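Chemist: Need a 3D model of the following:
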Amino acid sequence: MARYTGPKTKIARKFGEAIFGEDKNFEKRNFPPGQHGNARRRGKKSEYATQLMEKQKAKYTYGILERQFSNLFKKASASQGITGEILLQLCESRLDNVVYRMGVSNSRSGARQLVSHRHITVNGEIVNIPSYSLNDGDVVAVREKSKSLVAIESALASNSNVFEWLTWNSDTKSGTFIKAPERLQIPVNIKEQLIVELYSK
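Modeler: Residues are numbered from 1 along each chain as shown. As a prediction, the model looks like this:
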């Protein structure tokens, strides 16, 4: 499967923020990558460049490829409501993202691997598709045989995030996707309106 497997700090520096989570290397070198680093003078970006950058940031943040992202946008456009907000809700409703938000993994790429390797169940059934879209009330859990995995236990032990749209039971290692989050509940620094403008051209 085609996924970005290159240096994550370089991508984070490109966007000027640690989009993949805590990154000590980014903190040391939080200027754009390249031979001349932050000494290079860049001219003002065009409107298109700004919009494209925002779309790329969203794709890298959620680990979604162009075709998948384009399909999500089409689905958001066909839905009633604010297109940009619905697009982010669809991204947040993906199984790999919810596993990450629940704290079962410290990163989305790690969550994607857990799903692909059949460690996660939805409503009691094993689901190994990271892009699986959850519905209101779906119960996401760690598979019984996988509950003792060191990676999962250490991730849960270090997780302190609480989201109003999710519940989590540490004893059963399961949680409920209550409903898709409102825009204010989504902790990502993405200007979704710029993405809508880009696709609307």
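Chemist: The closest residue to K191 other than its chain neighbours and Y48: what is the separation?
Modeler: Nearest in space to K191, with sequence neighbours left out and distances taken as C-beta to C-beta, 6 or more residues apart in numbering, is E54 at 5.3 Å. C-beta here means a position set from N, CA and C on the backbone, and glycine is covered the same way. For E54, the distance to Y48 (C-beta to C-beta, to the nearest Å) stands at 11 Å.
Chemist: just to revisit the earlier point, the residue nearest to K191 - how many residues pack around it?
Modeler: E54 has 21 neighbouring residues, counting by other C-beta atoms under 10 Å.
Chemist: what's the first-to-last distance across stretch 157-170?
Modeler: Separation of the first and last residues of stretch 157-170 by C-alpha to C-alpha, to the nearest Å is 10 Å.
Chemist: Got phi/psi on the spatially most central residue of the chain?
Modeler: Ranked by distance to the mean C-alpha position of the chain (C-alpha atoms, centre = their mean), the top residue is Y62 at 3.0 Å. Here is the backbone geometry of Y62 (degrees, to the nearest 10): phi -90, psi -10.
Chemist: That one contacts N97, doesn't it?
Modeler: Yes: taking contacts as C-beta atoms under 8 Å, Y62 lies within contact range of N97: 6.4 Å.
Chemist: Now do R94 against R101, distance only.
Modeler: Distance of R94 to R101, given as C-beta to C-beta: 10 Å.
Chemist: And for K173?
Modeler: Distance of K173 to R101, computed by C-beta to C-beta: 15 Å.
Chemist: okay, the two: which has more neighbours?
Modeler: The neighbour count for K173 versus R101, taken as other C-beta under 10 Å, is higher for R101 (24 against 20).
Chemist: isn't the more buried one right up against N161?
Modeler: Yes: look at R101 against N161 with C-beta under 8 Å: they come within range, at 7.1 Å.
Chemist: still on that earlier bit, mind pulling the model confidence for the residue nearest to the centre of the chain?
Modeler: Note on Y62: pLDDT of 93.
Chemist: same check, this time on the one 3 residues further on
Modeler: The predicted local distance difference test score for L65 is 92.
Chemist: Please apply the same query to K45.
Modeler: Predicted confidence (pLDDT) for K45: 81.
Chemist: tell me, how many neighbours does the residue nearest to it when sequence neighbours are not counted end up with?
Modeler: Excluding the flanking residues, the one nearest K45 by C-beta to C-beta, 6+ apart is M53, at 7.4 Å. Residue neighbour count, defined by other C-beta under 10 Å, stands at 17 for M53.
Chemist: Look up how far N189 lies from M53.
Modeler: Counting by C-beta to C-beta, the gap from M53 to N189 is 12 Å.
Chemist: which secondary element of this protein has the worst mean pLDDT?
Modeler: Here the helix or strand of the chain ranked lowest by mean pLDDT, DSSP states H and E is helix 24-28, holding a mean of 55.
Chemist: Assign K44 to helix, strand or coil.
Modeler: Following DSSP: H, G, I helix; E, B strand; the rest coil, the label given to K44 is coil.
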